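S.K.: Below is the sequence, then the predicted model.
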Amino acid sequence: MPDMKTLLHVRSSLFGDQGQSAVLAADLISQWQARNPGARVIVRDLIATPLPHLDAERFAALNSKPEVRTHSQQRIVAESDALIAELREADQIVLAAPMYNFAIPSQLKSWFDHIARAGVTFRYTESGAEGLLGGRPVTVLATRGGFYAGTPADSQTPWLATMLGFLGLTEVTFIYAEGIAVSADRKAEALREARAQIAAAVGHEAV
Ligand SMILES: Cc1cc2nc3c(=O)[nH]c(=O)nc-3n(C[C@H](O)[C@H](O)[C@H](O)COP(=O)(O)O)c2cc1C
């Protein structure tokens, strides 16, 4: 059987399928599937199934030695392992990343808190940190009510680039739909522009 491609779709809009990032992700995925018949899509819906905050108990569990883990620590580690396994299975990653209060949704931050694991998804070497998830292109669908791309007020996408890069995910395409809250016309234009970028990215196999 030829290699079947896998795409991991990470959802984090409060508005489910009606979220603008979800609408754009659906568009991207249907175009990608048309080019990759039979491909698999894994959906990680962080709103339908939120992860807890990374608290002291969870952090201790994630850093515990396997041979001394309690049952409760094993459960916490297994949850994180499953998230990382999804990432490793993926050839492509699509992150739907709405801007909420100048940041990514807290549910998406929690996901990163559970996948950033020393010795598993990154390690420290003599020459610095090394990410261990490389080789998977990431497309970020950044939806915003206002206009921030390229300005110091964009505290979202530079953070994502740093965080993803830290994990070895250095091939990142950012697609923006900005000004969604300005007016119905601007919203339609933003989505049109984003769709054009999606079509170009899928066409160039950047996605
Ligand atoms: C709780 C909340 C906070 C928001 N904060 C911001 C913000 O700080 N800056 C901004 O430009 N838009 C903000 N917005 C508007 C969203 O970015 C916009 O509605 C976008 O479409 C969200 O993506 P989604 O539709 O995929 O959820 C906020 C929306 C909500 C619901």
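M.R.: In hand now; what should we look at? Numbering: from 1, shown residues only.

S.K.: ok, the nearest residue in space to Ser72 that is not next to it in sequence - contacts?
M.R.: Closest residue to Ser72 apart from its sequence neighbours, by C-beta to C-beta, 6 or more residues apart in numbering: Ala61 at 7.3 Å. For the C-beta atoms, the positions are set from N, CA and C on the backbone; glycine is no exception. Contacts were defined as C-beta atoms under 8 Å, 6 or more residues apart in numbering; by that measure Ala61 touches 69, 72-73, 76-77.

S.K.: One more: Lys109?
M.R.: The contact partners of Lys109, by C-beta under 8 Å, 6+ apart, come to Ala103.

S.K.: element containing the residue nearest to Ser72?
M.R.: Ala61 is part of helix 56-62 when elements are defined by DSSP states H and E.

S.K.: can you give me the mean pLDDT across whichever helix or strand comes after that helix?
M.R.: Moving toward the C-terminus from helix 56-62, the first helix or strand encountered (DSSP H and E) is helix 71-89. Confidence for helix 71-89, expressed as mean pLDDT, is 98.

S.K.: Around the ligand, which positions in this protein sit nearby?
M.R.: The chain has residues 13-15, 19-22, 98-102, 143-146, 180-181 near the ligand, with proximity defined as C-beta under 6 Å from any ligand atom.

S.K.: before we move on, back to that, could you measure from the residue nearest to Ser72 over to Thr151?
M.R.: For Ala61, the distance to Thr151 (C-beta to C-beta, to the nearest Å) stands at 39 Å.

S.K.: Using PDB, list the CA coordinates for the helix holding Ala61.
M.R.: In PDB, the C-alpha atoms belonging to helix 56-62 read as follows (Å, rounded to 0.1, in the frame of the first residue of the first chain):
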ATOM      1  CA  ALA A  56       2.300  21.300  40.000                       C
ATOM      2  CA  GLU A  57       0.900  17.800  40.200                       C
ATOM      3  CA  ARG A  58       0.800  17.400  36.400                       C
ATOM      4  CA  PHE A  59       4.300  18.800  35.900                       C
ATOM      5  CA  ALA A  60       5.700  16.500  38.500                       C
ATOM      6  CA  ALA A  61       4.000  13.500  36.900                       C
ATOM      7  CA  LEU A  62       5.400  14.500  33.400                       C
END
